[in-house]
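> I'd like to go over a predicted model; first the sequence, then the structure.
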Amino acid sequence: MNSFDIHPEHFKNKSVTFYYKGTAHPVVYDVPDFDIYMMKMANEMIVDGIKIGESIEEQKIHYKEQLDYWEKTICEQASGGEITEDVLERVANILEMSKDSFYNLWCLNICALLKLKVINDDNNNGILCAYIII
């Protein structure tokens with residue numbers, strides 16, 4: 001083994017950030033495999049939508065419209081500055097939900113749009129995982 005080889009035991013934690021249109025929700029949960037969990041939950045959300053009669057096309061539109069509005073609201077509340085806890089609190093209040101609910105729905109909708117191939121996982125949309133190497 002080369003002394004420069006990196007193995008899984010060298011990774012302490014993984015932080016996950018969810019992006020839409022270049023805007024990231026800055027909250028990061030220190031939960032193992034949070035990105036994988038959210039992708040599974042997004043899949044369940046899509047299946048549940050089908051079960052209640054919402055077509056895939058309707059879901060694509062619904063999730064995208066929500067994220068468009070939320071992203072616009074975050075940017076407006078940040079006024080071109082940093083997205084802080086205060087900004088997120090104001091956005092959650094405007095959306096009439098808790099900050100945690102807003103974060104979870106932000107992540108779920110991004111994961112759903114990835115699964116439904118509405119957005120690509122790229123520099124502007126998707127999930128960014130950063131590992132802390134020890």
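Nice, thanks for sending it over.
> surely Gln107 and His25 touch.
Wrong residue type there; residue 107 is Cys, not Gln. Yes - in this structure Cys107 lies within contact range of His25 using Cβ atoms under 8 Å: 7.4 Å. From N, CA and C alone the C-beta is placed, and that goes for glycine too.
> how far away is the nearest residue to Asn123 once chain neighbours are set aside from Asn43?
Nearest residue to Asn123 in three dimensions, chain neighbours excluded: Gly22, at 7.7 Å (Cβ to Cβ, 6 or more residues apart in numbering). Taking Cβ to Cβ, to the nearest Å as the criterion, Gly22 is separated from Asn43 by 25 Å.
> so between these two, which is more surrounded?
When neighbours are counted by other Cβ atoms under 10 Å, Asn43 comes out ahead of the other of Gly22 and Asn43, with 13 against 10.
> which stretches of the chain have low pLDDT?
For the chain, residues meeting the criterion pLDDT under 70 lie at 1-14, 28-31, 131-134.
> let's verify the residue nearest in space to the middle of it: helix, strand, or coil?
Among the residues of the chain, the smallest C-alpha distance to the mean C-alpha position (Cα atoms, centre = their mean) belongs to Cys107, namely 2.7 Å. Per DSSP: H, G, I helix; E, B strand; the rest coil, the secondary structure class of Cys107 is helix.
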